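Participant: got a predicted model here, sequence first, then my questions.
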Number of protein chains: 2
Amino acid sequence: MARGAAAVIVGNELLTGKIQDENGALLIRRLRACGIPLRSLHVVPDEVDAIVQAVAQARSVADHVFTSGGIGPTHDDVTVRAVALALGRRIVRSEEMSALIRTHWESEPPPATFRLADMPQGAELWKQEGLWFPVLTCDRVYVLPGVPQLFRIQIETVLARMEKGQIHLRALYLRSDESDIAGALDSVALAMPEVQIGSYPTFDRALDYRVKITVEHALAAPVDDAVARLLVVLPAGALVRME
Amino acid sequence: MARGAAAVIVGNELLTGKIQDENGALLIRRLRACGIPLRSLHVVPDEVDAIVQAVAQARSVADHVFTSGGIGPTHDDVTVRAVALALGRRIVRSEEMSALIRTHWESEPPPATFRLADMPQGAELWKQEGLWFPVLTCDRVYVLPGVPQLFRIQIETVLARMEKGQIHLRALYLRSDESDIAGALDSVALAMPEVQIGSYPTFDRALDYRVKITVEHALAAPVDDAVARLLVVLPAGALVRME
């Protein structure tokens, strides 16, 4: 089974609530729409150690890792260095990126600008439609900018190259308490461990159900099978409706 | 220095975008208001291994760990078990919690309900005003429910017992490009590594600045010192305003 993607969102400004994260939420929606499972989303500060650890951990659970933020010319932009460390690669100055910088700047760029050309040895630059700044990628880690307008553009360039999946999902709305259906859920979840079964209670009395059960798999048949089994073992009269 | 807090948000429903996380955003705001730094926020699936790893990692960077979600009686509620594993503690059935369950249920509770009484050996239950369900805590890990209405109540019980901090913050709005000020920021950041200096470019032309610099510390004096140093080294005429 594909191990999907993981996200490392870099930014003190997010952890301190100065701004609210948009990139993580967008990534979740776009991956979902492409049928690519997201295994983890980790928000970490602009610190080399924290990012190295998060990227290494993300790679241990997922095939593709998206990072957001911490790229740029200032002292707090440490993501590229951290990604290189996590990948065990040296940092080298890219001639290709240096040339792009010189083309983009009208006059001679300030020296600090060329920090944008430092990248892990072996990294690739993917040409980005509508933006002079290419997508930086290495070992299936995609190092995207934190500015939401740029993140939004670059994410599509990456997704366009990734293999899409499918997700089949059905939902059962029940009028039972979670405690009353736990045994039934257990039996189906144990019998079909490959199917993702979720149980979400609500305490909102305005709703016509008390627990929502979700059943999910890349293929339709196991979902149908699990739903059929659930309908057999759930208490009589528990079902409000099915979607 | 206090190492602050870290968050582990458990839930497939968040990673698949079925619902948008509210608890992480609330935790960020409430910790900020209490002057308690947040070191990491990790969204992970309802899987024992993923939660064990995230909790262990959170404890390696922070003194206090908040978990959200994955507690309840169904098969996908594995947070308590994972926390026990991360803490190296056995799971035992709590007499105190069993008694609370019996008091809360009008008739004999279904057997699965008593799974709510399983907890790491040595865990404490903190009485929760306005809710029969107490806060479960062990080794400064606070195991909170994922349902936002319940999370919101329990987080206040934990915060009321935590030592508060202070955060002094000033912001400088500049009309320069990040590349033009990178050297100046470097020099101050290197001279005063204990002060948190952030640099946030904007590409929104409707705004009157291009980069926002934030300077942050628990005490006022280092913030004032760093701001004074920045004003000396920043390019002449760069400052639009200061807050």
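Facilitator: Structure's in. What do you need? Numbers count the residues shown, from 1 in each chain, chains lettered A, B, ... in the order given.
Participant: so what's residue A:182 up against?
Facilitator: B:73, B:74, B:75, B:110, B:112, B:115 (C-beta atoms under 8 Å, 6 or more residues apart in numbering or on different chains). All C-beta spots, glycine's among them, are computed from the backbone N, C-alpha and C.
Participant: those residues: which two are farthest apart?
Facilitator: The widest separation within the contacts of residue A:182, taken as C-beta to C-beta, falls between B:75 and B:110 and amounts to 14.4 Å.
Participant: can you pick out the residue with more neighbours from the two?
Facilitator: residue B:75 (21 against 17; other C-beta atoms under 10 Å in any protein chain shown).
Participant: give me the three-state assignment for the more buried one.
Facilitator: coil (DSSP: H, G, I helix; E, B strand; the rest coil).
Participant: for chain A, what spans make up the helices?
Facilitator: For chain A, the helices defined by DSSP state H cover A:12-15, A:23-33, A:48-61, A:79-87, A:95-104, A:148-161, A:178-191, A:220-233.
Participant: the second one packs against which elements?
Facilitator: Packed against helix A:23-33 by the contact rule (3 or more C-beta pairs under 8 Å, 6 or more residues apart in numbering or on different chains; DSSP states H and E) you find strand A:5-10, strand A:38-44, strand A:64-68, helix A:148-161.
Participant: could you check the angle strand A:5-10 makes with it?
Facilitator: Interaxial angle, helix A:23-33 versus strand A:5-10 (axes from the mean of the first three to the mean of the last three C-alpha atoms, to 10 degrees): 170 degrees.
Participant: then the last one?
Facilitator: Angle between the axes of helix A:220-233 and strand A:5-10 is 90 degrees (criterion: the same axes, to 10 degrees).
Participant: so residue A:131 sits right up against residue A:155, yeah?
Facilitator: No: using C-beta atoms under 8 Å, residue A:131 is not in contact with residue A:155; the gap is 11.9 Å.
Participant: so the two - more neighbours on which side?
Facilitator: A side-by-side neighbour count of residue A:131 and residue A:155, using other C-beta under 10 Å, places residue A:155 first with 20 against 14.
Participant: tell me who's in contact with the more buried one.
Facilitator: Listed by C-beta under 8 Å, 6+ apart, the contact set of residue A:155 reads A:26, A:27, A:30, A:66, A:144.
Participant: re the thing from before, quick one: which of the contacts of residue A:182 is nearest residue B:204?
Facilitator: Nearest to residue B:204 among these is residue B:74, at 45.5 Å by C-beta to C-beta.
Participant: tell me the pLDDT at that closest one?
Facilitator: Looking at residue B:74, its pLDDT stands at 86.
Participant: phi first, then psi, for it.
Facilitator: Dihedral angles of residue B:74 (phi, psi; degrees, to the nearest 10) stand at phi -100, psi 170.
Participant: that one and chain A, how far apart?
Facilitator: Distance of residue B:74 to chain A, computed by C-beta to the nearest C-beta, to the nearest Å: 4 Å.
Participant: leaving out the residues flanking it, which one is nearest to that residue?
Facilitator: Nearest non-adjacent residue to residue B:74, counting by C-beta to C-beta, 6 or more residues apart in numbering or on different chains: residue A:199, 4.1 Å away.
Participant: go on, residue A:200?
Facilitator: residue A:212 is the one closest to residue A:200 (C-beta to C-beta, 6+ apart), at 4.6 Å.
Participant: per-residue pLDDT, that neighbour?
Facilitator: 93.
Participant: quick one: it from residue B:166, how far?
Facilitator: As defined by C-beta to C-beta, to the nearest Å, residue A:212 lies at a distance of 42 Å from residue B:166.
Participant: so for these two, which sits in the more crowded spot?
Facilitator: residue A:212 (19 against 10).
Participant: show me what contacts the more buried one?
Facilitator: Applying C-beta under 8 Å, 6+ apart to residue A:212 gives the contacts A:171, A:172, A:173, A:174, A:199, A:200, A:202.
Participant: wait, which of these is closest to chain B?
Facilitator: Taking C-beta to the nearest C-beta as the measure, chain B lies nearest residue A:199 of the contacts of residue A:212, at 4.1 Å.
Participant: which residues touch that closest one?
Facilitator: A:178, A:181, A:185, A:211, A:212, A:213, B:72, B:74, B:75, B:76, B:77.
Participant: the fourth one touches residue A:203, doesn't it?
Facilitator: No: using C-beta under 8 Å, residue A:211 makes no contact with residue A:203, being 10.7 Å away.
Participant: so these two - more neighbours on which side?
Facilitator: Remark: of residue A:211 and residue A:203, residue A:211 carries more neighbours, 24 against 11, as counted by other C-beta under 10 Å.
Participant: excluding chain neighbours, what is closest to that one?
Facilitator: Excluding its sequence neighbours, the residue lying closest to residue A:211 (C-beta to C-beta, 6+ apart) is residue A:174, at 4.7 Å.
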